[in-house]
Structure formats: structure tokens, C-alpha cells
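>>> Let me see the structure of the following:
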Amino acid sequence: MHTRLIDKIETLCQKRNINLTTQRRTVLDIMLTANKAMSAYDLLDLLKVSEPQAKPPTIYRALEFLLEQGFIHKVESSNSYIICPHFHDPEHISILLICDKCQQIIEKHSADIEQQLKYLAQKNTFLIKHSVLEIHGFCQQCQP
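Have a look, this model is predicted:
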């Protein structure tokens, strides 16, 4: 299934006239296979399996590109990265529901919340460049 997602990302890159290098594609593949938030160093360790010469700047350049294009999100509270299922809309406001017990992260979208935040920003003459809301709590399986 994740091959189709990468194919969609490649098509979007072609439309944007940007290059999804083999290295960037490999990082996406690693993230999709893991299906969980990962730190840059966890990603680097897995990238080294196919590219033993990879160093920290290698992974950070790939992550920077993927972030700029809206293909992934940085989870600030855990200093990790996750795939964005809404990559076709890089300016959306992401709502991350983060389980503090099992570390599962669920991304949701809410037109109502997005509209309220945009209204609040506009009312204060503020231009939203990037927005990720991180909400911590417990998923259904981890609730006491």
C-alpha cells in the first residue's frame, strides 16, 4: 500500500517541478514501513542499512525537504517525525492526538478548528505559515 502513496508523492513532486531523490524516497519508505513517529537518529540508523556512508546532515537535509513539501510533520514534543496523510494540502492545520502511554500519534483534520484559527490569526493581522496542534492524552486502548 505504501508504494502507491510514494507514487502519489512522486507525481506531486513532478507537478511541483521538484526532485524526489532516491535518498528522500528511501526515508519516506522507512517512515511508511515503520508506521510510527521516528527520531532523526532512528531514521539515520535505518538509512545506513542501504547507505552506510549516511551521516546526520544527510538525514536532516532529507527531513527538511520532506517537511517543506508537507509530506511529513515534526512532532515537537517528542522531537520526532511522522508521515502526513494530507500531503496534497501542505498548508492544512494538523491536529496530532498523541497517546502519552503507547506513543501512538493520530493525525486528524477539522475544518471548524482550522476556520477558527484562521479567523483568530486574521483578526490579529497574523499570517499563519505553519501550524501543528499537539494534543496529549490517552488513546482508547490506553485509557485507565
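
>>> any idea how the protein splits into domains?
As assigned by automatic domain parsing, the chain contains the domains 2-83, 94-142.

>>> residue ranges for the helices of this structure, please.
Under the criterion DSSP state H, helices of the chain are mapped to 2-16, 22-34, 40-50, 56-68, 111-123.

>>> Any chance of a markdown table for those, columns distance to Gln104 and mean neighbour count?
Every residue, glycine included, has its C-beta placed from N, CA and C. Output for these, formatted as a markdown table (distance: least, C-beta to C-beta, whole Å; neighbours: other C-beta atoms under 10 Å):
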| stretch | distance to Gln104 | mean neighbour count |
| --- | --- | --- |
| helix 2-16 | 18 | 13 |
| helix 22-34 | 13 | 18 |
| helix 40-50 | 16 | 16 |
| helix 56-68 | 21 | 16 |
| helix 111-123 | 21 | 12 |
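
>>> As a markdown table, these with mean pLDDT and distance to Ser78 would be great.
Putting the helices of the chain into a markdown table (pLDDT from 0 to 100; distance: least, C-beta to C-beta, whole Å) gives the following:
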| stretch | mean pLDDT | distance to Ser78 |
| --- | --- | --- |
| helix 2-16 | 88 | 22 |
| helix 22-34 | 93 | 14 |
| helix 40-50 | 95 | 11 |
| helix 56-68 | 94 | 14 |
| helix 111-123 | 93 | 22 |
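
>>> Thanks a lot, see you next time.
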